[in-house]
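**Q** below: sequence and its predicted model.
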Amino acid sequence: MALLATTESCRKGGNGNDTQRIRGDDGNDCIIQKDLAGNDNLRTEAKEGDDLIMIDAGEGAYTITYDVSSGRNWVLIDGGTGEDTLTINAGLPLAVYDEKGKILYKYGEGGSEIIVKNIEDIKYVI
């Protein structure tokens, strides 16, 4: 299956205590969310479609929320350095892997594939 982006969105935070919320659109999206440093809140919601999503937190203690959407999404979430918390709001099929490919969590069949790196605390909300 080829992933063709119909919406592109990129958001970059600064060196402070940022709050970023980024939403995709219907269709196939490419979403990149990057932050530099700080104790920030990042939230990403993809919407419908087959999406490519990269969340790259910087240095600091981050609170990251990813809202799983319908469609088949490919997601990379990197917490960077610091003590980071990730909440995955699921309710739809998904598989979560560490950067070495080990399955950390699976819900249902098919759906989104999420790779996490440098995340110290992961919560799953079904």
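**A** Happy to help now that I have it. Numbering: from 1, shown residues only.
**Q** every contact and neighbour count from this point should use C-alpha atoms.
**A** Noted.
**Q** list the beta-bridge partners for the closest residue in space to R21 that isn't next to it in sequence.
**A** Nearest non-adjacent residue to R21, counting by CA to CA, 6 or more residues apart in numbering: R43, 4.7 Å away. Here R43 sits in beta bridges with R21, T65, going by DSSP bridges.
**Q** what's the burial count for R43?
**A** Look at R43: counted by other CA atoms under 10 Å, it has 18 neighbours.
**Q** now it: how far from T19?
**A** Look at R43 and T19: by CA to CA, to the nearest Å, they are 8 Å apart.
**Q** with E113 instead?
**A** Following CA to CA, the distance that separates E113 from T19 is 25 Å.
**Q** who has more neighbours, the two?
**A** The neighbour count for E113 versus T19, taken as other CA under 10 Å, is higher for E113 (17 against 12).
**Q** for that one, what are its contacts?
**A** The contact partners of E113, by CA atoms under 8 Å, 6 or more residues apart in numbering, come to R72, N73, W74, V75, L94, A95, V96, Y97.
**Q** narrow those residues to those in helices?
**A** Within those, no residue falls in helices by DSSP state H.
**Q** where does this protein dip in pLDDT?
**A** Residue ranges of the chain with pLDDT under 70: 1-16, 18.
**Q** do a quick rundown of the strands in it.
**A** Using DSSP state E, the strands of the chain run over 7-12, 19-23, 29-34, 41-45, 52-56, 63-67, 74-78, 85-89, 94-98, 103-107, 112-117, 121-125.
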